[in-house]
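> Dropping the sequence and predicted coords here.
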There are 2 protein chains.
Amino acid sequence: MANFPKRIEIKEEGPREGFQIEKNPIPTARKIEFIDALSETGLKTIQTVSFVNPKVVPNMADAEDVVAGFTAKPGVTYTGLFLNDQGMARALATKKLTVKGSISLCASEAFLKRNQNRTLDQQLAAQHESIERYKKNNIKIESAGISAAFGCNFEGDVKVDRIMSMAVTIFEVAAEHDVTIKHFALMDTMAWATPDRIKRVVGALQDKYPHIQYGLHLHDTRGMGIANAYAGLEMGIAHYDACVAGLGGCPFAGHAGAAGNVCTEDLVFMAHEMGIETGLDLERLVECAKMAEDIVGHPLAGSVMTGGSLQRLREKVAA
Amino acid sequence: MANFPKRIEIKEEGPREGFQIEKNPIPTARKIEFIDALSETGLKTIQTVSFVNPKVVPNMADAEDVVAGFTAKPGVTYTGLFLNDQGMARALATKKLTVKGSISLCASEAFLKRNQNRTLDQQLAAQHESIERYKKNNIKIESAGISAAFGCNFEGDVKVDRIMSMAVTIFEVAAEHDVTIKHFALMDTMAWATPDRIKRVVGALQDKYPHIQYGLHLHDTRGMGIANAYAGLEMGIAHYDACVAGLGGCPFAGHAGAAGNVCTEDLVFMAHEMGIETGLDLERLVECAKMAEDIVGHPLAGSVMTGGSLQRLREKVAA
């Protein structure tokens, strides 16, 4: 059988992924309430906000206020997304968020152009600059990632070879700066992955770089999120980004149906049913999912939040 | 890698599973329109109606009119669900539906009691009677199935051992009546399955009865539908029941969140992306899914109908 991990770590991105895509303004207080509720679920890492241009992402204009407002629970790491120097400076200025460095490449130049207005070469050059900045600010760099790793709405399929050559580049850049990469994330930014693609790409990377911890950032636009996560579990992957209630989507992804990260509580449900530990309280996550639906004011895609966990049914049957 | 089938057969159950659960009456003409549209997608088997008590399932009261109304496309098999003698007589009386016999057991007595008001022993006895009736009516019996095969909201988990002993019973009953079972369906009636459970149950059955064609009937109540189907593909399973747009749910399953069969077009999308043939036109299925949403008058759970297929994006990129 498969090489399932004994335990997985889920990085919750709901507050960032989920709220950045909403058109209606979400009150700062409700964002804070949501992050505080997530802090009580057992999550060890919560991405709370993104430090991006408020003209492009109006719902992140209050990022500093959100960060100032939530109650940091000991043992939980709170992060913020940033894409450039200015964003990093804002994250550091909060003095509350954990700022980690990473080497990030995008497998699609067309998407990069739309999302960050950069060419692949410019992005590579920017990585060298970022690393220097991280070092100057004593920020640890242990992570790397490739976005649009399985395909792109503007460029089409991404071949395994391309990912492999980008990985080579990433490890070369890291070596050049005396950086040791421990975590390597594959981001299915535009939901092109299917389970067998996951296995092929991950398998090729694991073959070449066996001592790296791989992670998956999955979207559910075409309903493959949980199946892709399952393929990841079969490959022994222990790190997943996810969003409570399936919140999220990328405002740059170019079509209206681009909604939804893989759903945290559905992934936790699957893991627990398979005997894989998460350290998370499924029922509390379901409560957070219902809160998220209330906050955004429209139905969200999560299934267990509606269908209910099996543990509850087992307890009812046993009673 | 896995033992993927080269081609899968999908039995569409949307018109039956989907409409039986709806509270608002659905006009007969729209049911007919939907079946006629499904007939143009390449589907080879469409379950059109169920012949059940109209007091319990009001939306199936017009079953005979629906069957009389649709245009049978050559090469497509149209079926109707029945649970008893009376239902079978109604199906036969249409002279338009293909009536096939099967030996069916339910893994949960508590569910059986609620769904058909029978004990397990009564159900077993009924199988003998059914087989005799099938034979009298020259109806082929090549299929068997176990419902609630992975768990039950009223009894809890179903162990692999139980499925194995039920399979033994089924093959004994078949042998007693000189019936040869070719197809064996596992029905996750109340959405208790996870991918590893699918693999364990299917693996045990394949080990003991390697020459049988296995099939899966999956529900998506807890978001596991596509992941479970993927696990089925890895086990070489080539037969799936599915519903366009994720229509469906079981009115007896005991809680409001029990919605949705695995979604036909999402499953077809995954299969095609993996290079597995289905013989189906994905874009036409998406049109049927949109029609289904229009007919029931509320959003349905399918993802590809909203997110769009990748083939369309590939064509756009290539253009």
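Noted; the coordinates are in hand. Residues are numbered from 1 along each chain as shown, chains lettered A, B, ... in the order given.
> Pull the residues that contact the helix or strand hosting A:Lys290.
For A:Lys290, the element it lies in under DSSP states H and E is helix A:282-296. Identification of contacts with helix A:282-296 by Cβ atoms under 8 Å, 6 or more residues apart in numbering or on different chains yields A:14, A:18-19, A:22, A:24, A:26, A:30-31, A:33-34, A:37-38, A:40-42, A:244-245, A:247, A:263-265, A:268-269, A:272, A:299-300, A:302, A:304-305, A:308-309, A:311-312. For the C-beta atoms, the positions are set from N, CA and C on the backbone; glycine is no exception.
> out of those residues, which touch chain B?
A:Cys263, A:Phe269, A:Pro299, A:Gly302, A:Val304, A:Gly308, A:Ser309 (Cβ under 8 Å from any Cβ of the partner chain).
> out of those, which are buried?
For these, a burial check counting by 16 or more other Cβ atoms under 10 Å in any protein chain shown picks out A:Cys263, A:Phe269, A:Gly302, A:Val304, A:Gly308, A:Ser309.
> Make TSV from those residues and add secondary structure and pLDDT to it.
Shown next, in TSV, are those (DSSP: H, G, I helix; E, B strand; the rest coil; pLDDT from 0 to 100):
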residue	secondary structure	pLDDT
A:Cys263	strand	95
A:Phe269	helix	98
A:Gly302	coil	88
A:Val304	helix	93
A:Gly308	coil	90
A:Ser309	coil	92
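> Which single one of those residues is nearest to B:Ala227?
Using Cβ to Cβ, A:Phe269 is the member of those that sits closest to B:Ala227, with 10.9 Å.
> tell me the contacts of that closest one?
A:Leu282, A:Val304, A:Ser309, A:Leu310, B:Arg222, B:Gly223, B:Met224.
> Report how many residues lie close to the last one.
Meaning B:Met224. 33 (other Cβ atoms under 10 Å in any protein chain shown).
> Next up, the contacts around the spatially closest residue to it that is not a sequence neighbour.
Residue nearest to B:Met224 in three dimensions, not counting chain neighbours: B:Thr194, with 5.6 Å by Cβ to Cβ, 6 or more residues apart in numbering or on different chains. Listed by Cβ under 8 Å, 6+ apart, the contact set of B:Thr194 reads A:Met270, A:Glu273, A:Met274, B:Met224, B:Ala227, B:Asn228.
> how does it look with 7 Å?
Contacts for B:Thr194 were tallied using Cβ atoms under 7 Å, 6 or more residues apart in numbering or on different chains; they are A:Met270, A:Glu273, A:Met274, B:Met224.
> that's a helix at A:Pro299, yeah?
No. Membership of A:Pro299 in a helix is not supported by DSSP: H, G, I helix; E, B strand; the rest coil, which gives coil.
> The closest residue to it other than its chain neighbours: neighbouring residues, count only.
The spatially closest residue to A:Pro299, leaving aside those adjacent along the chain, is A:Glu293, at 6.5 Å (Cβ to Cβ, 6+ apart). The local packing of A:Glu293 (other Cβ under 10 Å) involves 19 other residues.
> how about A:Met88, what does it touch?
Counted by Cβ under 7 Å, 6+ apart, A:Met88 has contacts A:Phe82, A:Val99, A:Arg133.
> Distance of the last one relative to A:Asn84?
Okay, so that is A:Arg133. 10 Å (Cβ to Cβ, to the nearest Å).
> Equivalent analysis for the second one, please.
When distance is defined by Cβ to Cβ, A:Val99 is 13 Å away from A:Asn84.
> Enumerate the residues of chain A near chain B.
A:151, A:153-156, A:191-192, A:194-196, A:220-224, A:226-227, A:230, A:255, A:257, A:263, A:266, A:269-270, A:273-274, A:303-304, A:306-308, A:310, A:313-314, A:317 (Cβ under 7 Å from any Cβ of the partner chain).
> does A:Leu280 really touch A:Leu43, like I thought?
Yes. In terms of Cβ atoms under 7 Å, A:Leu280 counts as a neighbour of A:Leu43; the distance is 6.5 Å.
> ok, the two, which is more surrounded?
Per other Cβ under 10 Å, whichever of A:Leu280 and A:Leu43 has more neighbours is A:Leu43, with 28 against 22.
> And the more buried one, what's its pLDDT?
At A:Leu43, the pLDDT value in this model is 98.
> who's in contact with it?
Neighbour list for A:Leu43: A:Ile10, A:Glu12, A:Val76, A:Leu280 [criterion: Cβ under 7 Å, 6+ apart].
> Got the phi and psi for it?
When read as degrees, to the nearest 10, the backbone of A:Leu43 gives phi -60, psi 140.
> need the contacts of A:Leu43 in TSV with distance to A:Lys95 and pLDDT, can you?
Output for these, formatted as TSV (distance: Cβ to Cβ, whole Å; pLDDT from 0 to 100):
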residue	distance to A:Lys95	pLDDT
A:Ile10	26	98
A:Glu12	22	98
A:Val76	16	98
A:Leu280	28	98
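> Of those residues, which is the nearest to A:Glu234?
Nearest to A:Glu234 among the contacts of A:Leu43, with distances taken as Cβ to Cβ, is A:Ile10, at 17.3 Å.
> Am I right that the closest one is in contact with A:Tyr240?
Yes. Using Cβ under 7 Å, A:Ile10 makes contact with A:Tyr240 at a distance of 5.2 Å.
> Quick check: which element contains the most centrally placed residue in chain A?
By Cα atoms, centre = their mean, the mean C-alpha position of chain A lies nearest to A:Asp241, the distance being 3.6 Å. Taking DSSP H and E as the definition, one finds A:Asp241 inside strand A:239-242.
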